[in-house]
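# give me the fold of what follows.
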Amino acid sequence: MPCIFIALKIHSNFVMLKFVICMITDKLWDIDGALQVCIESAHKEFSKQALTVMLDDGKLSLHLQAMRRYMLLGSGDFIKLLMEYAS
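Below you'll find the model as predicted:
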């Protein structure tokens with residue numbers, strides 16, 4: 001399945017969950033304990049799977065490391081340049 005379709009499904013799930021959370025926090029829905037446990041377990045499972053996809057399939061750590069190097073924070077060059085321009 002192409003990545004765009006997976007991203008759209010994740011987005012639509014996020015929008016639906018956001019709606020449910022807004023309804024619950026605004027006290028428009030009175031939920032019982034069983035529903036709350038179900039929502040919390042679904043949130044935990046979804047978060048775990050999303051993190052796995054980002055870290056493993058999306059190689060998030062490599063992207064973050066590249067951004068760190070791009071910002072010159074890895075070797076301290078950014079701080080040296082900042083201090084030179086500040087003085």
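
# any idea how far Val15 lies from Ser87?
Computed with Cβ to Cβ, to the nearest Å, the distance linking Val15 and Ser87 is 49 Å. (Glycine included, C-beta is placed from N, CA and C.)

# looking at those two, which is more packed in?
Of the pair Val15 and Ser87, Val15 is the one with more neighbours under other Cβ atoms under 10 Å, namely 10 against 5.

# need phi/psi at Lys59.
Dihedral angles phi and psi of Lys59 (degrees, to the nearest 10) take the values phi 50, psi 50.

# helices and strands around the helix or strand hosting Gln49, which ones?
Under the criterion of DSSP states H and E, Gln49 resides in helix 33-52. Helix 33-52 makes packing contacts with helix 3-25 when contacts are defined by 3 or more Cβ pairs under 8 Å, 6 or more residues apart in numbering; DSSP states H and E.

# list the buried residues of the helix it packs on.
Using 16 or more other Cβ atoms under 10 Å as the burial criterion, the residues of helix 3-25 that qualify are Val20.

# quick one: distance of that helix to the chain centre.
Here the centre of mass of C-alpha atoms in helix 3-25, compared against the chain's by Cα atoms, centre = their mean, to the nearest Å, lies 12 Å away.

# just the mean pLDDT for that helix, thanks.
Throughout helix 3-25, pLDDT has a mean value of 73.

# that helix vs helix 33-52, what angle?
Angle between the axes of helix 3-25 and helix 33-52 is 150 degrees (criterion: axes from the mean of the first three to the mean of the last three Cα atoms, to 10 degrees).
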